[in-house]
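Colleague: The following comprises the amino acid sequence and a computationally predicted model.
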Amino acid sequence: MRPATETELAEIVRAASGPLRIRGGGTRSLGAATTGALLETGGLSGISLYEPGALTLVAGAGTPLAEVEAALAAENQRLPFEPMDMRALLGVEGIPTVGGMVAANASGPRRIAVGACRDSLIGVRFVDGQGRIVKNGGRVMKNVTGYDLVKLMAGSWGTLGVLTECSFKLLPVPEMQATLVSAAMTPDAAVACMSDALGTAYEVNAATRDTEGRVCLRLEGFSEQIRYRKAALAEALGGDWQLVEGADSQALWRDIRDVTAFAGQPGDVWRISVKPSDAAALVAKIAAPVQMDWGGGLIWALVPEGTDLRAKLGPIAGHATLVRASDPTRTRLPAFHPEPAPIAALAQGLRAKFDPRGVLNPGLMG
Amino acid sequence: MEMPIPNAAIMSKRDRVIARLAEVLPKDALISDEAERRAYECDALTAYRCLPLAVVLPESTEQVAAIMKICHAEGVPVVPRGSGTSLAGGALPTEDSIILGVARLRDVVEINYADRFIRVQSGITNLAVTGAVEGDGFFYAPDPSSQLACAIAGNIAMNSGGAHCLKYGVTTNNLLGVTLVTMAGEVIEIGGAHLDAAGYDLLGLICGSEGQLGIVTEATLRILPKPEGARPVLMGFDSNEVAGACVSDIIKAGVLPVAIEFMDRPCIRATEDFAKAGYPDCEALLIVEVEGSDAEIDEQLGLIKQIARRHNPVELRESQSDEESKKIWLGRKSAFGAMGQIADYMCLDGTIPVSSLPFVLKRIGEMSKEFGLGVANVFHAGDGNMHPLILYDANKPGDLELCEAFGAEILKLCVEVGGCLTGEHGVGIEKRDLMNVQFAPDDLDAQMAVKDVFDPQWLLNPAKVFPLEASATRRAA
């Protein structure tokens, strides 16, 4: 089913007698086996409002992300949070949509400086499990009117409602970018170095230790600003830094964003969020290829099939998502991190309220 | 303002409830005496007052949990209170409620510069958070104008903003985790020092829920390295429209100032008389501030001034020293105080799309004549968060009502042009009855469903946020 309007979509949900599988572009599926009739949002497509002077864009949930990015690029603006394209990593085809990106709260390297997708999302419209059309937030960037269901919908993977429209706060694309790249470092030294860099006033907006062990630090801004900051940052950190600029810098960060290093490589892929100072110890336990983004706070790991990285997390605060795995692994290990009982109870409570019949993506998210 | 009729059954068992609370609290943490309770009858929205059943000032999360268990068992409503600086009546008690103040929970629990966070108890003031880390070159970004007094607990409840959120975001963008005590007295950890909690974004839900989902006793906040420097430029224009167009052009040009503040003529005049900040005599004034090293600031301000010149400013003055910067900000920061010298005022907080600025300012001017009440505008222009100050005379019968009616019309206008009722103050009781203007019944129902999950008996911060008729069946259940 591929409704062309929000009203049609609401009717479909209201009339559903069994489970529905909600799909945007089908490019971010974490593989959890959801059953039911396919409900696609691709028909709800198009940018309904774009005001560059107000840094605001509103688009239908089924709008191809590429269409949004092209419209923004024409005005020299962008979605701040640098959403990853998962197609290469997951080995799937399809067209990423705005709604899918929001449902996954997809956020890339710049997340540490400008926030996640949920931080730039300022409004949503969705259809809940009873087929009711609900709006929350709006198209202004400061809005505390009522409860913030916008945040709740981001990262809820279509389990609380089917997104129909999303509004975003945008940022201008800075004049230029430059990346400082180090020689290979141990995870320990890399995290310390990235923490130092992120603790300076030079507004490093991405800090990653790549799979080769090199630390990459990105600066963005006006030309004079970058000229000054790259020198000041290198001096503050000490050591030898190679400078990567322009298109090369963009390509480098696209690879980091999309975790290209693990695309096409055999094995399971995990994504683990911890506080940076816990990262090195965890990486030692993982003992497999890793990419450490977010100054160490986001670990991407490529491990032999069936490895349970959650078990290795142990007492460390954080969570691990099984992003890519074979079917046998999937049946044994859930994609999402199990939650402590009181939080799981609240989550179940919310789900029961927003989707009392349990028709929206049942089986996903516990 | 209509409030629910106090629950007689609760009123009649007041002594028992107080006796039970006394069992779990130190003597000075429980206030039942009428004269002392009087201090808690209102917050910064002083037009509404009500004496609570009792006031508790717990000193630990455990004590908060013990209080909640008793109130839950007895069915007594609980009104959480930070520093009582809400402009929306967010901490207004009802007669049958107890006030739970977090003012004694003020400790810094942990500071971690490597991971760039601070863990605090929620009663600490906003400014004290920055105070705890600024010696080491860090700061906490959200800066509501009440930051000297307001508590982090209240900041989280209202999702407070400030002058610098164009660049740094509001509270929800800087909050990493909380310890939450539920109405049932359960202590829950949500989020933490790592980013983006697993599962649903409960943290995002709690931030801005106006104390209706639980009591936040501790919070993990993101801290940032302080910029090398900051410098404002002052520009005057001969119409609001031109100033509005200039704001839009600056944003479009790719410069992201940390703040763009706007003042209109009535506000400029009053402020100048009061603070002598040396503001020009003009229709509209902008203060634009950028951050960085001296050279970086020069580069950005150069571009901003170039844009401003295209709009024929009547004044364009870049600060040449720290002293001048202070003076430029002095006027803006004393604007509310200056207006208070002239008249009583009501401060609104609607947000509008930046593109609607000229239209909305024109309409407010027209409505000002229709209602016969003066208005001064001072606000965060970069993000469209307006603060019209409606001037009235509290001693003149009927003037407050007229002012409230005028305020409601302005907020309806904000919604009409695509904005919202409140950008950073919260709904509280002040805007509760206007929620129907912005939301359809199903929109409100989805929000109330969240409260059903966290607080099924609807005991936390009663009679706020949702119109009474919309929540009637839930409250009665």
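Modeller: Nice, thanks for sending it over.
Colleague: For residue 224, which residues are in contact?
Modeller: All of this is about chain A. By Cβ atoms under 8 Å, 6 or more residues apart in numbering or on different chains, the contact set of residue A:224 is B:295-296, B:299. Every C-beta, even on glycine, is put in place using the N, C-alpha and C of the backbone.
Colleague: not quite, I wanted chain B
Modeller: B:116, B:138-141, B:168.
Colleague: thought residue B:446 was touching residue A:137?
Modeller: No - using Cβ atoms under 8 Å as the test, residue B:446 is too far from residue A:137 to be in contact (12.0 Å).
Colleague: Are there residues contacting both of those two? Which ones?
Modeller: Joint contacts of residue B:446 and residue A:137 (Cβ under 8 Å, 6+ apart) are residue A:149.
Colleague: More neighbours: which of the two?
Modeller: Neighbour count, other Cβ atoms under 10 Å in any protein chain shown: between residue B:446 and residue A:137, residue B:446 has more, with 26 against 22.
Colleague: mean confidence for the helix or strand harbouring the more buried one?
Modeller: Under the criterion of DSSP states H and E, residue B:446 resides in helix B:441-454. The average pLDDT within helix B:441-454 is 98.
Colleague: what do you get for stretch A:296-312?
Modeller: 96.
Colleague: ends of it, how far apart?
Modeller: 17 Å (Cα to Cα, to the nearest Å).
Colleague: now swap in stretch A:256-268 and tell me
Modeller: OK, stretch A:256-268 end separation, Cα to Cα: 18 Å.
Colleague: Report the central residue of the chain.
Modeller: Chain wasn't specified; assuming chain A. Residue closest to the mean C-alpha point of chain A, counted by Cα atoms, centre = their mean, is residue A:106 at 1.7 Å.
Colleague: Sorry, I should have been clearer: chain B.
Modeller: residue B:425 (3.3 Å).
Colleague: ok, the residue nearest to the centre of chain A - contacts?
Modeller: So residue A:106 contacts A:28, A:81, A:83-84, A:86, A:100, A:117 (Cβ under 8 Å, 6+ apart).
Colleague: follow-up on the earlier one: from the contacts of residue B:224, which is closest to chain A?
Modeller: Nearest to chain A among those: residue B:116, at 6.4 Å, using Cβ to the nearest Cβ.
Colleague: can you count the residues close to the closest one?
Modeller: Neighbours around residue B:116, by other Cβ under 10 Å: 23.
Colleague: Now do residue 30: how many residues are near it, please.
Modeller: Since you didn't name a chain, this refers to chain A. 20.
Colleague: was after chain B, sorry
Modeller: 20.
Colleague: Buried residues in stretch B:367-376, which are they?
Modeller: B:367-368, B:371, B:373-376 (16 or more other Cβ atoms under 10 Å in any protein chain shown).
Colleague: so how far is that stretch off the chain centroid?
Modeller: 25 Å (Cα atoms, centre = their mean, to the nearest Å).
Colleague: So what touches it?
Modeller: B:264, B:266-267, B:270, B:335, B:339, B:343, B:345, B:364-365, B:388-392, B:399, B:402-403, B:405-406, B:409-410, B:413.
Colleague: do the same with stretch B:442-450
Modeller: A:128, A:132-136, A:146-147, A:149, A:152, A:350, A:353-354, B:205, B:209, B:213, B:435-436, B:439, B:465-467, B:470-471, B:474.
Colleague: and what of stretch B:138-150?
Modeller: A:199, B:44, B:82-83, B:85, B:113, B:116, B:118, B:125-127, B:129-130, B:133, B:155, B:160-165, B:168-171, B:174, B:221-226, B:333, B:336, B:424.
Colleague: In helices, which of those fall?
Modeller: Residues of the contacts of stretch B:138-150 located in helices (DSSP state H): B:126-127, B:129-130, B:133, B:155, B:165, B:168, B:333, B:336.
Colleague: residues in the stretch 251-400 of chain B within reach of chain A, list them.
Modeller: Within the stretch 251-400 of chain B, the positions near chain A by Cβ under 8 Å from any Cβ of the partner chain are B:251-256, B:292-293, B:295-296, B:299-300, B:303, B:351-355, B:380, B:383-385.
Colleague: okay if I get the buried residues of stretch B:367-376 as CSV plus pLDDT and secondary structure?
Modeller: Shown next, in CSV, are those (pLDDT from 0 to 100; DSSP: H, G, I helix; E, B strand; the rest coil):
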residue, pLDDT, secondary structure
B:367, 96, helix
B:368, 95, helix
B:371, 96, helix
B:373, 95, coil
B:374, 93, coil
B:375, 94, strand
B:376, 93, strand
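Colleague: quick revisit: who's in contact with the residue nearest to the centre of chain B?
Modeller: Neighbours of residue B:425 in contact, by Cβ under 8 Å, 6+ apart: A:144, B:86-88, B:158, B:347, B:349.
Colleague: possible to save the residues you listed as a markdown table with pLDDT?
Modeller: Compiled in a markdown table, those are given as follows (pLDDT from 0 to 100):
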| residue | pLDDT |
| --- | --- |
| A:144 | 96 |
| B:86 | 94 |
| B:87 | 92 |
| B:88 | 94 |
| B:158 | 97 |
| B:347 | 91 |
| B:349 | 94 |
